[in-house]
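Novice: Predicted model follows, preceded by the sequence.
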Amino acid sequence: MIQEGKARLHIQIPSIVSSRMPVFYNPHMVINRDMSLLVVLASVGEGAIICDPMGASGIRGIRFLLEAGAKKVIYNDINPMAVEEFKRLIKINCVDESKVEIYSEDASLLLRKLRGFDYVDIDPFGSPVDFLESAILSVKRGGLLGVSATDTAVLSGTYPTTCIRRYGSKPLLEAEFYHEVGIRILIKKVVEEGAKLDCALTPVFCYSYRHHFKVFLRKDIGARRADQLMRDIGYIVYCSKCLYRKALKCEGMINICPICGNELLYAGPLWIGKLWNEELITGMQKPKDRLILSKETIKLLSKVQQEATKQTVGFYTLSAIGEKLRIGSFPNLEKFLPLIEGVRTHFTGEGFRTTLSHSELLKRLGSLSLRQ
């Protein structure tokens, strides 16, 4: 018997978690489910109507009912064994069956038929691309769409040809912030899919953890709003020699680094707007006491809250600075951050963001190097 949040689940977990499990349950995705509860409670509140079209074990839907006060949960899984396991889960957790609707259909077809959800969670094996259009249609105006991607190697640049084919964007493995590039490509794809339907999907929260990315977007309707969002789609140029980086629109693209004259690399098109809604993150702190969250979730949320105070495009790492700029040693990161007006990033333990211009950062790094 497994306890997650306030929900209990009776399932055998093999040594290797994979999609071949008779009923899929991934204990490493607790953070994914924790965050979905936090975002929905902070944005929608109680009484939400939730759709989990790839329900698997169904633990997410049960937790929405037990912990987040959901009005109704629509559970779906094309695997009949998963459906039967979910029915047992309802009984084990003494859930009011009138608050649950159960389906066993293709996820995209179900989302095409059902509309008006406060929250839809897309959590497939691999890429979410195939499900985006259907999911966007099923979310009501003002509702939320949660999108998970486990094809992080594709989005982050290990397989650039696949990324171009699947997401229509070039990744940038050479940059130290390649995971952020991956998340920005994912957001761009969702925003584009929404724009095709005259829907505006605004990102409000996202994170990278282990082997998955998760983005949450709020839906609005209207061609003008969609056009406005599309203005935040552009490119990142990057210098592998001096670490210069800049977000640009297509018409302002440059090929040569203005700092050192090296030829620039680029990634995109991708989302170059804000990754986090600061007001939402503040709101996510309030329901923490009513939920049973993992320690990793609490730690990650704290990191993101700090990071969201400096919403730059791209971040730096100590190892990249040391290697590329040939600076041998640094003080402890906590002592180093005030010198460059920086904050930590959740993407990597050695990473930081700063709103200083690249030129100013280089000056401060140079003076730091001289003092040592």
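Specialist: On my side now, so go ahead.
Novice: Please report how far residue 68 lies from residue 48.
Specialist: 7 Å (C-beta to C-beta, to the nearest Å). Heads up, the C-betas are built off the backbone N, CA and C, glycines and all.
Novice: what do these two both touch?
Specialist: residue 40 (C-beta atoms under 8 Å, 6 or more residues apart in numbering).
Novice: Which one's more surrounded, these two?
Specialist: Legend: neighbour count by other C-beta atoms under 10 Å for residue 68 and residue 48, higher for residue 68 (24 against 21).
Novice: Which residues are in contact with the more buried one?
Specialist: By C-beta under 8 Å, 6+ apart, the contact list for residue 68 reads 37, 40, 41, 46, 48, 287, 291.
Novice: Could you single out the nearest of the residues you listed to residue 121?
Specialist: Within those, proximity to residue 121 (C-beta to C-beta) peaks at residue 40, which comes in at 9.2 Å.
Novice: Assign a three-state SS to the closest one, would you?
Specialist: Following DSSP: H, G, I helix; E, B strand; the rest coil, we place residue 40 in the helix state.
Novice: so it makes contact with residue 50?
Specialist: Yes: using C-beta atoms under 8 Å as the test, residue 40 is close enough to residue 50 to be in contact (7.4 Å).
Novice: Identify the contacts common to these two.
Specialist: In contact with both residue 40 and residue 50: 64, 118, 119, using C-beta under 8 Å, 6+ apart.
Novice: any idea which element the last one lies in?
Specialist: Think residue 119. Following DSSP states H and E, one finds residue 119 within strand 117-122.
Novice: Check the first one too.
Specialist: Of the helices and strands defined by DSSP H and E, residue 64 is found in helix 59-67.
Novice: Give me the helices and strands touching the helix or strand just after that helix, please.
Specialist: Using DSSP H and E, the helix or strand that follows helix 59-67 in sequence is strand 72-76. Other elements packing on strand 72-76 under the criterion 3 or more C-beta pairs under 8 Å, 6 or more residues apart in numbering; DSSP states H and E are strand 49-52, helix 59-67, strand 100-103.
Novice: quick one: strand 72-76 to strand 117-122, angle?
Specialist: Relative orientation of strand 72-76 versus strand 117-122 (axes from the mean of the first three to the mean of the last three C-alpha atoms, to 10 degrees): 30 degrees.
Novice: Tell me which strands strand 72-76 pairs with, and in which orientation.
Specialist: If you go by DSSP bridges, strand 72-76 pairs up with strand 49-52 (parallel), strand 100-103 (parallel).
Novice: Show me what the last one is in contact with.
Specialist: In this case it means strand 100-103. With contacts defined as C-beta under 8 Å, 6+ apart, strand 100-103 is touched by 61, 65, 72, 73, 74, 75, 76, 83, 86, 87, 90, 110.
Novice: Got a PyMOL select line for the buried ones in those?
Specialist: Listed next is the PyMOL selection for buried residues among these, using 16 or more other C-beta atoms under 10 Å:
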select buried, resi 61+65+72+73+74+75+76+83+86+90+110
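Novice: List just the nearest of the contacts of strand 100-103 to residue 211.
Specialist: residue 61 (23.0 Å).
Novice: Let me see the contact set for the closest one.
Specialist: By C-beta under 8 Å, 6+ apart, residue 61 lies in contact with 50, 52, 55, 70, 73, 75, 86, 100.
Novice: ok, now residue 49?
Specialist: By C-beta under 8 Å, 6+ apart, residue 49 lies in contact with 70, 71, 72, 74, 116, 117, 118, 119.
Novice: Please identify the helix or strand for residue 174.
Specialist: Here residue 174 is assigned to no helix or strand, by DSSP H and E.
Novice: so what's the backbone phi/psi at the residue nearest to residue 130 when sequence neighbours are not counted?
Specialist: Excluding the flanking residues, the one nearest residue 130 by C-beta to C-beta, 6 or more residues apart in numbering is residue 108, at 6.8 Å. Reported as degrees, to the nearest 10, the phi and psi values for residue 108 are phi -70, psi -40.
Novice: which ones are touching residue 108?
Specialist: By C-beta under 8 Å, 6+ apart, the neighbours of residue 108 are 130, 131, 134.
Novice: per-residue confidence for it?
Specialist: pLDDT recorded at residue 108 is 97.
Novice: ok, it to residue 133 distance?
Specialist: To residue 133, residue 108 is 8 Å away according to C-beta to C-beta.
Novice: cool, and residue 299?
Specialist: 35 Å.
Novice: higher neighbour count, the two?
Specialist: Neighbour count, other C-beta under 10 Å: between residue 299 and residue 133, residue 133 has more, with 17 against 13.
Novice: Without its sequence neighbours, what residue ends up closest to that one?
Specialist: Leaving aside its sequence neighbours, residue 133 sits nearest to residue 193 (C-beta to C-beta, 6+ apart; 5.5 Å).
Novice: what about that neighbour, neighbour count?
Specialist: Residues within reach of residue 193, counting by other C-beta under 10 Å, total 19.
Novice: Make residue 1 into 6 and carry on from there
Specialist: Yep, numbering from 6; the last one is residue 198 now.
Novice: give the contact list for it.
Specialist: 137, 138, 141, 206.
Novice: If we use 10 Å, what do you get?
Specialist: Residues near residue 198 by C-beta atoms under 10 Å, 6 or more residues apart in numbering: 134, 136, 137, 138, 139, 140, 141, 142, 204, 206.
Novice: and the nearest residue to the first one once chain neighbours are set aside, how many residues sit next to it?
Specialist: Okay, so that is residue 134. In this structure, residue 134 finds its nearest non-sequential neighbour in residue 171, 5.8 Å apart by C-beta to C-beta, 6+ apart. Using other C-beta under 10 Å, the number of residues around residue 171 comes to 18.
Novice: and residue 171, what element?
Specialist: For residue 171, the enclosing helix or strand under DSSP H and E is helix 165-172.
Novice: what's the following helix or strand after that helix?
Specialist: Moving toward the C-terminus from helix 165-172, the next helix or strand (DSSP H and E) is helix 183-201.
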